[in-house]
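In: sequence isn't available, so here's the structure alone:
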Ligand SMILES: [Zn+2]
């Protein structure tokens, strides 16, 4: 059982670390292009990590049947609703699941015309 507790400790430690990296990358950084490039891999990566850790700790098929769809759903939601404004660089997290964000809540720039800046690259 001690092993399990240690694992849980590491899980929490890694999670806090990822959270801090996320805050630094997406809230404080001014590099809009990098933020836009990293947001999707970051969301998918944390989803996979979370699912992997949970499955490793539970080691049960029932757990997998619950965790995989749950993490998949959250990851899908995050990919859909978390955006970086191409104009001001603000990290936007849409709390409403079924409505799509169309404008930046900070500067009002349109989010639908997939950022002309990043299309050049
Ligand atoms: Zn904006």
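Out: Done, it's in. Remember, predicted model here, so these are calculated numbers, not experimental data. Numbers count the residues shown, from 1 in each chain.

In: show me what contacts the residue most central in space within the chain?
Out: Taking Cα atoms, centre = their mean, the centroid of the chain lies closest to residue 43, which sits 2.9 Å from it. Counting by Cβ atoms under 8 Å, 6 or more residues apart in numbering, residue 43 makes contact with 75, 78, 79, 82. (Glycine included, C-beta is placed from N, CA and C.)

In: where does this structure dip in pLDDT?
Out: Applying pLDDT under 70 to the chain flags the ranges 1-2, 113-121.

In: which residues of it lie near the ion?
Out: 85, 87, 88, 90, 104, 106, 107, 109 (Cβ under 5 Å from the ion).

In: restricted to helices, list the residues you listed.
Out: Per DSSP state H, helices hold no members of these.

In: for residue 50, state which of those is nearest.
Out: Comparing the residues of the chain next to the ion against residue 50 with Cβ to Cβ places residue 90 closest, at 25.0 Å.

In: how about the nearest residue to the closest one, chain neighbours excluded?
Out: residue 106 (4.4 Å; Cβ to Cβ, 6 or more residues apart in numbering).

In: touching, that neighbour and residue 85? I think so.
Out: Yes. Residue 106 lies in contact with residue 85 (Cβ atoms under 8 Å); the separation is 6.6 Å.

In: these two - which one has more neighbours?
Out: residue 85 (23 against 13; other Cβ atoms under 10 Å).
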